[in-house]
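Enquirer: sequence-free structure coming up:
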């Protein structure tokens with residue numbers, strides 16, 4: 001259990017964080033390290049910065065490689081929504097990538 005601080009030693013609620021990643025096309029997804037992995041690492045790093053608030057990254061991967069963000073018809077996204085509705089997730093972390101055109 002995570003404690004808040006020396007001033008307030010009471011336990012804080014654990015916040016279960018899912019990390020969602022997406023890449024619009026499948027180019028490069030066969031490599032050892034993909035942009036989905038980079039997004040995951042960035043999300044995990046952010047969750048670590050919130051550790052004092054009780055945030056912990058869930059080990060489950062919600063990766064949609066090769067799926068457009070234009071609609072919600074993405075397998076990992078649908079799985080994520082199901083887990084949110086089932087109260088298995090408290091927070092969703094996603095990395096916004098802005099490609100330079």
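Expert: Okay, I see it. Fair warning: this is a prediction, and the values are worked out from it, not measured in the lab.
Enquirer: mind listing what the residue nearest to the spatial centre of the chain touches?
Expert: Nearest to the mean C-alpha position of the chain, counting by Cα atoms, centre = their mean, stands residue 19 at 0.9 Å. Neighbour list for residue 19: 39, 40, 43, 44, 47, 57, 58, 61, 62, 92, 93, 94 [criterion: Cβ atoms under 8 Å, 6 or more residues apart in numbering]. C-beta here means a position set from N, CA and C on the backbone, and glycine is covered the same way.
Enquirer: doesn't residue 57 make contact with the fourth one?
Expert: Yes - counting by Cβ atoms under 8 Å, residue 44 does reach residue 57; the two are 5.1 Å apart.
Enquirer: more crowded one of the two?
Expert: Just comparing residue 44 and residue 57: by other Cβ atoms under 10 Å the higher neighbour count belongs to residue 57, 19 against 13.
Enquirer: Assess the claim that residue 84 and residue 92 are in contact.
Expert: Yes - if you go by Cβ under 8 Å, residue 84 and residue 92 touch, sitting 7.2 Å apart.
Enquirer: which residues are common contacts for those two?
Expert: The contact lists of residue 84 and residue 92 share residue 18, where a contact means Cβ under 8 Å, 6+ apart.
Enquirer: right, and the helix or strand after the strand ranked longest in the chain?
Expert: Across the chain, the longest stretch assigned as strand under DSSP state E is strand 15-23. Where DSSP states H and E defines the elements, the next helix or strand beyond strand 15-23 is helix 35-49.
Enquirer: pLDDT on the helix or strand just after that following helix, on average?
Expert: Downstream of helix 35-49, the next assigned helix or strand under DSSP H and E is strand 55-57. The pLDDT scores in strand 55-57 average 98.
Enquirer: do stretch 93-101 as well
Expert: Mean pLDDT, stretch 93-101: 75.
Enquirer: can you check stretch 62-80 too?
Expert: 94.
Enquirer: Can you list the strands that the host helix or strand of residue 92 pairs with?
Expert: If you go by DSSP H and E, residue 92 is part of strand 91-94. Sheet pairing of strand 91-94 (DSSP bridges) gives strand 15-23 (parallel).
Enquirer: Run the angle between the partner strand and helix 35-49 for me.
Expert: On the basis of axes from the mean of the first three to the mean of the last three Cα atoms, to 10 degrees, strand 15-23 is oriented at 160 degrees to helix 35-49.
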